[in-house]
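Novice: Below are the sequence and a predicted model; questions follow.
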Amino acid sequence: MRVTENITKEFLWGAFKKTTSPLMAAAGNSKGIITQLISEFADRSRSDIKKWRAALSAFEDPDDPKSVLLQDLLRNLMSDGHLMAQIQIRKAATLSNRFMVIDKNGQEVEEKTELLQTEWFFDIMEHLLDSRFFGYSVLELTDPLT
């Protein structure tokens, strides 16, 4: 059996990447699934414009939107230190502002404003700011007394 029968090659960024399908692993090649996992992990670091456009098209499809491809690309992008620093600066600029509740007369309502000075409010604000970068945010609001 030739090695090339079990391995497919694709051209990516000027280098050949070897992949083995899980079906080939089930057919007797015990290292196939590990090769597949390693190749997929390495492939995440090499995103091109074609992958970005496909992910955005899948995410913006009005009939059947799928976000998994875009989530993978964004998760990979979050490893960039400069991007993370810029996101943190933007979030810090918003979260460092003073939030307050004002009545009809323009006077601050101190007892309600104190609720906005708690940790849970800033946690929610942080998740809401993350939704601007990721396109979504999942929150579960529960009554802490029950």
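Specialist: Sure thing, it's come through.
Novice: I'd like the domain boundaries of the chain, if you could list them.
Specialist: As recorded under automatic domain parsing, the domains making up the chain are 3-44, 48-77, 81-137.
Novice: wait, Asp103 sits on Glu111?
Specialist: No - Asp103 lies out of contact with Glu111 (CB atoms under 8 Å); the separation is 11.4 Å. From N, CA and C alone the C-beta is placed, and that goes for glycine too.
Novice: Let me see the ranges of the strands in this protein.
Specialist: Applying DSSP state E to the chain gives strands spanning 8-12, 15-19.
Novice: hey, least reliable of those strands by pLDDT?
Specialist: The stretch with the lowest mean pLDDT among the strands of the chain is strand 8-12, at a mean of 40.
Novice: And the helices in this structure?
Specialist: Listed in chain order, the helices of the chain (DSSP state H) span residues 22-26, 32-44, 49-60, 68-77, 81-95, 110-115, 119-134.
Novice: List just the one of these that sits closest to Pro144.
Specialist: Using CB to CB as the measure, helix 119-134 is the one of the helices of the chain that comes nearest Pro144, at 8.3 Å.
Novice: now the closest one against helix 68-77, angle please.
Specialist: Relative orientation of helix 119-134 and helix 68-77, computed by axes from the mean of the first three to the mean of the last three CA atoms, to 10 degrees: 110 degrees.
Novice: Next, the angle from helix 119-134 to helix 81-95.
Specialist: Calculated by the same axes, to 10 degrees, helix 119-134 forms an angle of 130 degrees with helix 81-95.
Novice: Show residues contacting helix 119-134.
Specialist: Contacts with helix 119-134, where a contact means CB atoms under 8 Å, 6 or more residues apart in numbering, come from Gln71, Leu74, Ile87, Arg90, Lys91, Thr94, Leu95, Phe99, Leu115, Ser137, Leu139.
Novice: For the fifth one, which non-adjacent residue is closest in space?
Specialist: It stands for Lys91. Leu129 (4.9 Å; CB to CB, 6 or more residues apart in numbering).
Novice: Distance check, the one you found against Arg53.
Specialist: Counting by CB to CB, to the nearest Å, the gap from Leu129 to Arg53 is 26 Å.
Novice: Quick check: Thr113 touching Gln107?
Specialist: No - counting by CB under 8 Å, Thr113 stays clear of Gln107, with 10.7 Å between them.
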